[in-house]
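A.B. asks: Let me see the structure of the following:
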Amino acid sequence: MSQLAFDERAGQELEELYRTRDAVRRRSLARSALRAAPGEHIIDVGCGPGFTTAELLLDIGVNGSVTGVDSSPQMLALAEARCAQHSNVQLHPGQATSLPAASGRFDGAICVQVLEYVPDIAAALAELHRVLRPGGRVVVWDIDWTTVSWHTTDTDRMRRALDAWDEHLTHPALPRTLASRMTQAGFDNVQMQAHPFAAAGPMDPDTYGAGISSLIRNFIAGRNGLSHHDAEDWAAEQRQLGERNEYYFACLQFCFTGTRR
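C.D. replies: From the prediction side, this is the model:
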């Protein structure tokens, strides 16, 4: 496994991705699942550039607070810029397996597309459980990357590209076991909702597949027998398919909810 480097370039690409229509939809779904209420205290684990952190303020109001935690200095810098005017937002460096927060501190926790990158899932879930008060709510959102599908005329190159992309994270199929892991960690009423993200016809830059294509192109170059030229050709084919209204992308993303015992 060789995870993405969240450097300045990746930060800019993620900023663009998180502004897409599909990313806005995902944040809205995750916030609806959390059901944060005015006056509550929420922790955003793996807050990234702070989009969810800032939007949670719409739910908790001036008497609540949001704490964002991320392991990347680049991501925290973007989050700090986004949330600078809000006194009820606190941002901290930290790991999902060792959260910088007191036990029972929060009414809710949200963790969107983070755990699939964390080697020790049990430790991360234990930390989410620890920082929630009894009855506190958790939302964990991850992707089953084995469901990702693109139309292509070069199936061998696509297979090698997707296999190479799987190297960027630790658990490509985490949703398959996440419900049982959450129950084992002490969460009750664990529920799962599947959300398809798909696009066909033109390659709409406001969709998830188009949004991650540049990240994939940059990551797969030099991996799994793919040269930089191969990676460019992979991305170019998707654009060309879009120009002919033959583009297709689909994946399943999963929202898990639970309550702390």
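A.B. asks: Show me the shaky parts of the stretch 1-150 of the chain.
C.D. replies: With pLDDT under 70 as the threshold, the stretch 1-150 of the chain has low-confidence stretches at 1-8.
A.B. asks: For the residue nearest to the spatial centre of the chain, give its distance to residue 246.
C.D. replies: Nearest to the centroid of the C-alpha atoms of the chain, with distances taken as CA atoms, centre = their mean, sits residue 113, at 2.5 Å. With the distance defined as CB to CB, to the nearest Å, residue 113 ends up 28 Å from residue 246. C-beta: built from backbone N, CA, C; applies to glycine.
A.B. asks: Excluding sequence neighbours, find me the nearest residue to residue 35.
C.D. replies: Once its chain neighbours are removed from consideration, residue 35 has its nearest residue in residue 137; the separation is 6.7 Å (CB to CB, 6 or more residues apart in numbering).
A.B. asks: Quick check: beta-bridge partners of the one you found?
C.D. replies: Beta-bridge pairing for residue 137 (DSSP bridges): residue 108, residue 259.
A.B. asks: which ones are touching residue 191?
C.D. replies: Taking CB atoms under 8 Å, 6 or more residues apart in numbering, we find residue 191 in contact with 256-258.
A.B. asks: Run a quick neighbour tally on residue 188.
C.D. replies: Close neighbours of residue 188, defined as other CB atoms under 10 Å, add up to 11.
A.B. asks: what comes up buried for stretch 192-204?
C.D. replies: By neighbour count, and taking 16 or more other CB atoms under 10 Å as the criterion, the buried residues in stretch 192-204 are 195, 197, 199, 203-204.
A.B. asks: Apologies, that question was intended for stretch 104-115.
C.D. replies: When neighbours are counted by 16+ other CB under 10 Å, the buried residues of stretch 104-115 are found to be 105-115.
A.B. asks: and residue 170, helix, strand or coil?
C.D. replies: Reducing the assignment at residue 170 to three states with DSSP: H, G, I helix; E, B strand; the rest coil gives coil.
A.B. asks: how far away is it from residue 254?
C.D. replies: Separation of residue 170 from residue 254 (CB to CB): 16 Å.
A.B. asks: Which of these two has more residues huddled nearby?
C.D. replies: Comparing residue 170 with residue 254 by other CB under 10 Å, the one with more neighbours is residue 254, at 19 against 16.
A.B. asks: Which residue lies closest in space to that one, excluding its sequence neighbours?
C.D. replies: residue 175 (4.0 Å).
A.B. asks: which ones are touching that neighbour?
C.D. replies: Applying CB under 8 Å, 6+ apart, one finds that residue 175 lies in contact with 142-144, 192, 252, 254, 256.
A.B. asks: One more pass at 6 Å, please.
C.D. replies: Neighbour list for residue 175: 142, 144, 254 [criterion: CB atoms under 6 Å, 6 or more residues apart in numbering].
A.B. asks: Show the backbone phi and psi for the second one.
C.D. replies: By that I understand residue 144. Taking degrees, to the nearest 10, you get phi -90, psi 100 for the backbone angles of residue 144.
A.B. asks: can you pull up the bridge partners for it?
C.D. replies: Per DSSP bridges, the residues bridged to residue 144 are residue 252.
A.B. asks: By neighbour count, which of the contacts of residue 191 wins?
C.D. replies: Of all the contacts of residue 191, the highest neighbour tally under other CB under 10 Å goes to residue 258, namely 26 neighbours.
A.B. asks: hang on, that one packs against residue 185?
C.D. replies: No. The pair residue 258 / residue 185 is not scored as a contact, 8.5 Å apart, by CB atoms under 6 Å.
A.B. asks: quick one: buried residues of the strand or helix carrying residue 10?
C.D. replies: Applying DSSP states H and E as the criterion places residue 10 in helix 8-18. Neighbour-count burial for helix 8-18, counted by 16+ other CB under 10 Å, picks out 10-11, 13-14, 17-18.
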